[in-house]
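> make a model of this:
(2 chains)
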Amino acid sequence: MATLVQAVRLALHYGEEHLGVTDVFGEDVGPPLGGVFTATQGLKTAWNSPLDERGIIGTAMGIAYAGGRPVCEIQFCDYGFNIIDLMKVAGNQRWSGAGQFPMPIVLMTPSGSGIRGSLYHSHSFEGWATRLAGWKIVMPSTALDAYGLMLSAILDPNPVMVLLPKALLRVRGEQQIPGEPENEDELKEMIDAPVGAARAAWTPKWPDVKPYFVPLGQGNRVREGTHATVVSYGRMLPLCTQAADQLAAEQGLTFDVIDLRSLFPYDWPLIRDSILKTGRFLVVNEDTEVTNFGEHLLRRVIEELFYDLIAKPRVLFGKHVPGIGLNQAYETNEVPQLADVLVAMRDAATEAA
Amino acid sequence: MPTAFRGPTAATLAPPAELWSRDEMLPAARCRELHRLMVRCRRLEERCIKMSKSGEAYFWVGGPGEEAFNTCLGMQLRRGEGPAYDYVHLHYRNPGVLLGMGMPVLDHVRQMAMTLTDPHSMGRNFVCHYSKRDWNVIPVTSVIEVQYVMAPGTALMQKRSGGDGVTAVIGGDAGTHEGDFASCMIWSSRPGFELPVLILVTNNGWGISTASETQHAEKSIVDRGKAFGIPGEVVDGNDPIASWHALSRGFRHCRTRRKPYMIEARVSRLHGHSSSSGAARVPDEDDCVAMFEKKLLDRELMTKEEIERVHTEAINEIEEAVRQVHTEPRPTAADVYTHTYAPSPVDSVYPEDYTGLPA
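Residues are numbered from 1 along each chain as shown, chains lettered A, B, ... in the order given. Below you'll find the predicted structure:
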């Protein structure tokens, strides 16, 4: 099975061949590196840009204005703070221009902690991203979803931000991407660039991957249960499923665990119907506490489902501090860990009604 | 025998067929065309300032003092949709460009009056914030620098398409303080990947209330292009003949060499920054319309009566537009969400357009 980052690469290849992708570009995106996480190795439209995030998103917008379909990469979402106004422009230009120009750009960027990245390689970005009206924001937690969400992001004629959970980029999927070889070594041989001198002459041998679209705005219930509803995405999602399996085995507590996948638009019917069943709600992410995207979901749950709740709804989030510290004592105490998720889920499921 | 009469003949009485500025010339017909555009632009700006003060509209911003350069730019842009034509990334002082391209004054007044019929923004954006896809006019933002960082993208597609389309991008001198101006130079001049970007700066010497000489150490902005191998020139933007030829050189360079070119036009700012600073007429700056009219009169290309007629026709045209927009529909609550998203085959919540929070 492909890893999450290989899935992104396969999706970009499919996009080049079948969905009209004209440019995949950003810092170190083209050869020889193919991206600092290797998401763009071997792609025929990949090219290296100046080390200039404003130029990257601005050029992507210009390409889109002129009929192209670009995928640009901001190397880490932490480097995206100096382009927040251009993100605003990308999101509002269609609205402000009375619908004249579409803006079919994809901006992909690794997000979140988990690689000991310290202050500038560990931020979460969904709190800012989801405030950018006019954008669509997705964040996969599996390789297959990364493939399917990236294809949808490319096909959608609006600006779509693909937040990649950097701690999961090397995690192998459990479901096969349509058309990928069953043997992971075979896939590696085909699409991973060799290290060293051989790289200069290397060309990929792409598998004949097939279309697989995860619709924007469609979540996925990855565990089914009755004691509480847990909504998460990205890096925190596998912790939630792990905790759900553990709590089911040890304490008989079962959960609806929803992988949101698409943060905006989000799958409100899936969330609502689950809460109507369980009466309990917990949203889990690793972003800082103030102001957290999970708070928006919490607000809607309180306002629209208050009388259907049987216990207080909750958000589990990262601590509100200026950065993720390098020493593991910082990261593990700032960002929710499995033990924190276990406690939060157990409490959500067992608080007296 | 009386000597032959040597007074003016029919030939010497005819107006000259051209007008010169130093060693550059424009034909008389082009001069009259430019004059008419400049006057329509100036009268339009003055009427919009009046609208901002009379309660007919809110905020005014524009470019009185930039008419000469901007109308020349508008007339030289190749108008059309797609990479085969020119793209133009404007800022908010460019009604002269759109009038030069052929925009009716009515469409400008519609945006000023915030009508639903405003073709640029449906009454959503400030005046001079144009958007016109069929003419490659990229949506204008109030942010003074972002157009410079989008221009390389359209130019990249033009170069790739193989035609001779040019991307023109324009901003003010204060906008060049931002890093996006440097980005534009860097991305337009990557070795082997140079792009046909005509980088324009209208230098009016001000950033709202801050004089540029208190912030800029460089003598001229085009000097910054030299480091990137971008040729450029400084032109008197109050002189339409000099402006025409500078732009002509710039377009020719970009069209044929497929590389960037820079022009810094020194212009006036005749009504301050915007209505936020009062928009009163500034007494001590050169007026390109008045200067051009003096030249047209002195060289006998136009008579005083002809010039007055141009003004009268412009005023009448604009007043008719103002009368019309008062009869046109305004946006309502039903228009708040429209045109947020383009229809998408892969969006299960917003397949057509935004409809509010996911239901």
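
> got the contact list for the closest residue to residue B:359 other than its chain neighbours?
Excluding the flanking residues, the one nearest residue B:359 by Cβ to Cβ, 6 or more residues apart in numbering or on different chains is residue A:268, at 6.5 Å. C-beta coordinates here come from the backbone N, C-alpha and C atoms, glycine included. The neighbours of residue A:268, taking Cβ atoms under 8 Å, 6 or more residues apart in numbering or on different chains as the test, are A:300, B:357-359.

> how close does the residue nearest the centre of chain A sit to chain B?
In chain A, the residue lying closest to the centroid (Cα atoms, centre = their mean) is residue A:139, at 1.9 Å. Taking Cβ to the nearest Cβ, to the nearest Å as the measure, residue A:139 falls 16 Å from chain B.

> ok, residue 129 - how many residues close by?
You didn't say which chain, so I picked chain A. A count of neighbours around residue A:129, defined by other Cβ atoms under 10 Å in any protein chain shown, yields 26.

> meant chain B, my bad for not saying
Residue B:129, neighbours per other Cβ under 10 Å, totals 21.

> just the strands in the stretch 101-250 of chain B please.
Under the criterion DSSP state E, counting those that start in this stretch, the stretch 101-250 of chain B contains strands at B:167-172, B:197-203, B:206-207, B:210-211, B:232-236.

> could you do chain A as well?
All strands of chain A, identified by DSSP state E, fall at A:23-26, A:46-48, A:70-73, A:106-111, A:136-138, A:160-165, A:220-223, A:228-232, A:255-259, A:262-264, A:281-288, A:314-318.

> quick one: average pLDDT of the fifth one?
Confidence over strand A:136-138, taken as the mean pLDDT, stands at 98.

> not counting sequence-adjacent ones, nearest residue to residue B:269?
Looking at residue B:269 with Cβ to Cβ, 6+ apart, the closest residue is residue B:204, at 4.0 Å.

> tell me, how many residues neighbour the one you found?
Neighbours around residue B:204, by other Cβ under 10 Å: 23.

> need the contact list for whatever residue of the stretch 101-250 of chain A ends up closest to chain B.
With Cβ to the nearest Cβ as the measure, residue A:217 is the residue of the stretch 101-250 of chain A nearest to chain B, at 3.4 Å. Neighbouring residues of residue A:217 by Cβ under 8 Å, 6+ apart: A:262, A:265-267, B:347-350, B:358.

> got a winner among these for most neighbours?
residue A:262 (30 neighbours).

> how much space between that residue and residue B:353?
The gap separating residue A:262 from residue B:353 is 17 Å, by Cβ to Cβ, to the nearest Å.

> one more: residue A:44?
Residue A:44 is 34 Å from residue B:353, by Cβ to Cβ.

> show me which of the two is the more surrounded one.
Neighbours per residue, other Cβ under 10 Å: of residue A:44 and residue B:353, the larger number sits with residue B:353, 16 against 13.

> for that one, phi and psi?
Backbone geometry at residue B:353, expressed as degrees, to the nearest 10, gives phi -160, psi 170.

> thought it was touching residue B:335?
No. Here residue B:353 does not reach residue B:335: they are 11.5 Å apart, not a contact under Cβ atoms under 8 Å.

> residues in contact with residue B:327?
Per Cβ under 8 Å, 6+ apart, neighbours of residue B:327: none.

> for the stretch 251-353 of chain A, which segments count as helices?
A:268-278, A:293-305, A:328-334, A:338-350 (DSSP state H, counting those that start in this stretch).

> can you list contacts of stretch A:299-316?
A:268, A:271-272, A:275-276, A:279-285, A:292, A:294-295, A:297-298, A:336, A:340-341, A:344, A:347-348, A:351-353, B:357.

> repeat the analysis, applying 7 Å as the threshold.
For stretch A:299-316, the external contacting residues (Cβ atoms under 7 Å, 6 or more residues apart in numbering or on different chains) are A:272, A:275-276, A:279-284, A:292, A:294-295, A:298, A:336, A:340-341, A:344, A:348, A:351, A:353.

> in ChimeraX, select just the buried ones from those residues.
Per 16 or more other Cβ atoms under 10 Å in any protein chain shown, the buried members of the contacts of stretch A:299-316 correspond to this ChimeraX selection:
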select /A:272,275,279,280,281,282,283,284,292,294,295,298,336,340,341,344,348
